[in-house]
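>>> this one's structure only:
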Ligand code: UDP
């Protein structure tokens, strides 16, 4: 038995979580679209934590394929472009479903835009039941509405699903005072309040997502998704991360 599978349920700092993965994270080094080797790597990390007893649901962005703002900048009507962005998130959700099921993890995709022949529609009580049965629920199509982002969709689903935390997997191990890739002396924060993030415009995620999580008192945990074992470490309170909460 490896370290991960030995975790007792009481060892979790966060038991039921929503993990938000940006669309760009799925590109790997390819520069566009979906890299299945990267999806497989994420799937293995998620599967290990689920096996250890965590309840995880996912929201995946669409920025690796299409962003509404980019379409609008080229003259498309914004709502139309946002619908295309939401469809991109459905493709990513199906790719992660394939990666998870290829390693034997049961999943369900639920879309905020009903697409009955492709996946289930979003039904909150059904999603909760899936999670209780050990399935990973992947929420696709964000909030289902234009002018929003998948960060806000993730915050909404985290609240609806009664999650203990919303985890935001990024390329760095937390929130910094400046972009650590451009400014190596930037400070990393262990803890922040929602108000810090909003008032100092720290750009962890959009303000509507942060305020929804603040109102629901759900901590935001920012961590490096690309580091092996990082998800499990964060769930058990050992990993390097920034926790954003009311205290
Ligand atoms: N989108 C939307 N409503 C939502 C969620 C997403 O209209 O509730 C659209 C929007 O056009 C956005 C695109 O879907 O640009 C992809 O989502 P996002 O930019 O949040 O993806 P990420 O940056 O996480 O990859």
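Yes, it's here. Quick caveat, the model's predicted, so the values are computed rather than measured.
>>> which stretches of this structure have low pLDDT?
Across the chain, the ranges flagged by pLDDT under 70 are 1-10.
>>> Quick check: residues of it near the ligand?
The chain has residues 22-24, 61-63, 67-69, 82, 85-86, 88-89, 142-143, 145-146, 148-151, 153 near the ligand, with proximity defined as C-beta under 6 Å from any ligand atom. All C-beta spots, glycine's among them, are computed from the backbone N, C-alpha and C.
>>> try 5 Å
22-23, 61-63, 67-68, 82, 85-86, 142-143, 146, 148-150, 153 (C-beta under 5 Å from any ligand atom).
>>> could you show me where the helices are in this protein, in order?
Assigned by DSSP state H, the helices in the chain fall at 36-51, 68-73, 78-102, 124-132, 150-160, 194-199, 207-216, 230-235.
>>> so can I have JSON lines of those showing mean neighbour count?
As requested, the helices of the chain are exported to JSON lines (neighbours: other C-beta atoms under 10 Å):
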{"stretch": "helix 36-51", "mean neighbour count": "19"}
{"stretch": "helix 68-73", "mean neighbour count": "16"}
{"stretch": "helix 78-102", "mean neighbour count": "20"}
{"stretch": "helix 124-132", "mean neighbour count": "15"}
{"stretch": "helix 150-160", "mean neighbour count": "25"}
{"stretch": "helix 194-199", "mean neighbour count": "16"}
{"stretch": "helix 207-216", "mean neighbour count": "19"}
{"stretch": "helix 230-235", "mean neighbour count": "23"}
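>>> export these to JSON lines and tack on distance to residue 222?
JSON lines is the format used below for the helices of the chain (distance: least, C-beta to C-beta, whole Å):
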{"stretch": "helix 36-51", "distance to residue 222": "16"}
{"stretch": "helix 68-73", "distance to residue 222": "23"}
{"stretch": "helix 78-102", "distance to residue 222": "20"}
{"stretch": "helix 124-132", "distance to residue 222": "23"}
{"stretch": "helix 150-160", "distance to residue 222": "12"}
{"stretch": "helix 194-199", "distance to residue 222": "10"}
{"stretch": "helix 207-216", "distance to residue 222": "12"}
{"stretch": "helix 230-235", "distance to residue 222": "9"}
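>>> Which residue of this protein lies farthest from its centroid?
In terms of distance from the mean C-alpha position of the chain, residue 75 ranks first, at 29.6 Å (C-alpha atoms, centre = their mean).
>>> From the ligand, how far off is that one?
15 Å (C-beta to the nearest ligand atom, to the nearest Å).
>>> contacting residues around that residue?
Listed by C-beta atoms under 8 Å, 6 or more residues apart in numbering, residue 75 has no contact partners.
>>> Repeat the analysis, applying 10 Å as the threshold.
If you count contacts by C-beta atoms under 10 Å, 6 or more residues apart in numbering, residue 75 has them with residue 81.
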